[in-house]
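Engineer: curious how this folds, go ahead:
(one chain, ligands or ions: 1)
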Amino acid sequence: MTKCAVTEWSSLEDRKPVHALVANVDLVVTRFDDKVSVLYGQCAHRGALMSDATVSGNNLICGLHGWDFGKISKEHKAGEWPVWQTSLRNPNFSSYAKLCGGFGARVKTADDLEAAIQNALDFDGPGIVEIMSDTELI
Ligand code: FES
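Structural biologist: Numbers count the residues shown, from 1 in each chain. This is a model prediction of the structure:
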């Protein structure tokens with residue numbers, strides 16, 4: 001592994017995210033007192049640069065639509081991972097429901113919603129109807 005400088009510590013203002021580009025990958029660098037976080041620099045929602053985010057507590061709030069990049073240090077420590085080095089992605093909730101013995105359906109179009117809900121109601125046990133949505137349309 002080749003190390004490279006992302007930015008200069010002396011240039012970082014406390015809780016003021018800045019952009020860095022490494023190997024053509026956008027990063028956001030934020031100083032929190034005497035610590036620093038380096039995260040993927042594009043918002044998972046619509047790809048805005050997180051260097052335009054604001055800091056609220058330990059979280060970065062995207063400047064475009066307000067998505068929250070939470071610091072989950074408690075979960076990192078519980079998993080014995082270094083803080084800031086996990087990828088935050090939603091699991092497939094419907095598959096998870098099935099693995100647990102319940103009903104699971106993942107709905108991607110409005111046409112499939114009614115049948116999925118009916119199947120969930122007909123199921124003898126707990127279930128999840130996971131509806132894939134675009135927050136811009138809500
Ligand atoms: S692009 Fe970040 S919240 Fe929409």
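Engineer: from now on I want contacts and neighbour counts done on CA atoms only, so please keep to that.
Structural biologist: Noted.
Engineer: so where's this structure shaky on pLDDT?
Structural biologist: 1-2, 70-77, 81-90, 134-138 (pLDDT under 70).
Engineer: which ones are touching residue 16?
Structural biologist: By C-alpha atoms under 8 Å, 6 or more residues apart in numbering, the residues touching residue 16 are 30, 31, 54, 55.
Engineer: which one of these sits in the busiest neighbourhood?
Structural biologist: Using other C-alpha atoms under 10 Å as the neighbour criterion, residue 30 leads the contacts of residue 16 with 22 neighbours.
Engineer: what about that one, which helix or strand?
Structural biologist: Counting by DSSP states H and E, the element that carries residue 30 is strand 25-32.
Engineer: so which residues of this protein form strands?
Structural biologist: For the chain, the strands identified by DSSP state E occupy 18-22, 25-32, 35-40, 54-56, 59-61, 68-69, 103-107, 127-131, in order along the chain.
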